[in-house]
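A.B. asks: Provided below are the primary sequence and the corresponding predicted coordinates.
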Amino acid sequence: MEKFIIYSKEYRHHYDRFMKHVYAIGYSPASCKTFRTSISEFLCWLEIKNIQVDHVTENEIKSYYNYQQERPAINGGVLSESRNTLNMYAIKLFFQQMQDNDLIVAHPQNNLKYTVDR
């Protein structure tokens, strides 16, 4: 399993708050593990690109989705479509939690068609 290290205290704070949220609302340990990996990779990507979490736009989400489509998987090849879908779902939850806590005004994934509702 890849390790994605978040260096910024601000990004780490967003990560910690989100993980507390998904545990608190009752997601299974397996789902929380998936969210942990998905969100830490996403936050690392934002950190490298120097994009503030509360300034993410639909264009950054599209760019990240394209990155996910092309990045190598640990076992060779590229990430599966199901993994990409899980990653995008985790990001959707992440921004929904931010919007619910008035940390962002608009959800950057609201108009994108590949997001998954459960």
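C.D. replies: Right, received. Where do you want to start? Residues are numbered from 1 along each chain as shown.
A.B. asks: check the gap between Ser80 and Ile39 for me.
C.D. replies: 18 Å (Cβ to Cβ, to the nearest Å). C-beta here means a position set from N, CA and C on the backbone, and glycine is covered the same way.
A.B. asks: the two: which is more packed in?
C.D. replies: Ile39 (23 against 10; other Cβ atoms under 10 Å).
A.B. asks: am I right that that one sits in a helix?
C.D. replies: Yes - under DSSP: H, G, I helix; E, B strand; the rest coil, Ile39 sits within a helix.
A.B. asks: pLDDT wise, what is it at?
C.D. replies: Predicted confidence (pLDDT) for Ile39: 97.
A.B. asks: let me see the contact set for it.
C.D. replies: 15, 18-19, 90-91, 94 (Cβ atoms under 8 Å, 6 or more residues apart in numbering).
A.B. asks: and the two most separated of those?
C.D. replies: Met19 and Ile91 (13.7 Å; Cβ to Cβ).
A.B. asks: and the two? Which one has more around it.
C.D. replies: Between Met19 and Ile91, counted using other Cβ under 10 Å, the more crowded position is Ile91 (24 against 17).
A.B. asks: once you drop chain neighbours, what's closest to that one?
C.D. replies: Nearest non-adjacent residue to Ile91, counting by Cβ to Cβ, 6 or more residues apart in numbering: Phe42, 5.6 Å away.
A.B. asks: element containing the one you found?
C.D. replies: helix 29-49 (DSSP states H and E).
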